[in-house]
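Enquirer: Kindly generate the corresponding structure for this input.
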Amino acid sequence: MPAQFWKPVNHMKKFVLGLYAAAVFAALPSFALAAPAAAVAPTADQQTTAAVKAMLDAMEVRKNMLAMYGEMQKAMPAIMRQQAVGLIQADPKMSAEQKKEAVARVDRTLPGVVQSVGKIFSDPALIDEMITEMVPLYANNYTVAEIKQLTAFYQSPVGRKMMALTPKLSTEAMAVAQRVVTPRLGKLLNDVMQDVQKP
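Expert: Residues are numbered from 1 along each chain as shown. Take a look at the predicted model:
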């Protein structure tokens, strides 16, 4: 099997994993609603920190992150395999037999990659660190009074409904992203692989 095949596939895996890490935030409507882009304050005072943490509890961020990580882990094997197989099949330098062997190798390797990603996502320290990093995002964009108003919203019936629907909406958003983004990524990664293999 051509050695140059594995280099772009390894880059592809890192790229796909990076996209899915970013999707954690993109898929949560509450994050998109409450955290506009801005310079991040390095720290927040105790009153603001306490208010933000209370809001994040009301938003059930920890529960929703766990649910999203679970859904991501379910979706990732199929998506990663689809991308890898697409790259293999598009490689004009590989024979049909080489392509078959490459797909078999992907199928043997993928479970280990998925297991490694699962260990990262199941580490409780990951969510703790994510929440710690999120506090200044809100503190830098909202006053304590505004944060308390948001907390009240998330504790209201419609806010609770929004939180209850977040995992479902996130899963559906990931499916939409797969349908819309994956074909474009496949073409881009194929072009990258073609460039890498040029003499």
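Enquirer: which residues sit in contact with Ala78?
Expert: The contact partners of Ala78, taken as C-beta atoms under 8 Å, 6 or more residues apart in numbering, number zero. To be clear about C-beta, it is placed using only N, CA and C from the backbone, and glycine gets the same treatment.
Enquirer: can you tell me how far it sits from Gln89?
Expert: Between Ala78 and Gln89 the distance, using C-beta to C-beta, to the nearest Å, works out to 16 Å.
Enquirer: got it, and Gln98?
Expert: Distance, Gln98 to Gln89, by C-beta to C-beta: 11 Å.
Enquirer: Mind listing what's buried along the longest helix belonging to the chain?
Expert: Using DSSP state H to define each element, the chain has its longest helix at helix 157-196. Of the residues in helix 157-196, those buried by neighbour count under the rule 16 or more other C-beta atoms under 10 Å are 159, 162-163, 166-167, 170-171, 173-174, 177, 182, 185-186, 189-190, 193.
Enquirer: now stretch 54-61: mean pLDDT?
Expert: When pLDDT is averaged over stretch 54-61, the result is 90.
Enquirer: repeat for stretch 78-86
Expert: Mean pLDDT, taken over the full extent of stretch 78-86, equals 84.
Enquirer: Restrict that stretch to CA atoms and write it as CSV.
Expert: C-alpha atoms of stretch 78-86 as CSV (Å, rounded to 0.1, in the frame of the first residue of the first chain):
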residue,chain,number,x,y,z
ALA,A,78,-19.5,6.2,10.5
ILE,A,79,-18.5,9.7,9.5
MET,A,80,-14.7,9.0,9.9
ARG,A,81,-15.1,5.7,7.9
GLN,A,82,-17.1,7.5,5.2
GLN,A,83,-14.3,10.1,4.8
ALA,A,84,-11.5,7.6,4.8
VAL,A,85,-13.2,5.3,2.3
GLY,A,86,-14.0,8.3,0.1
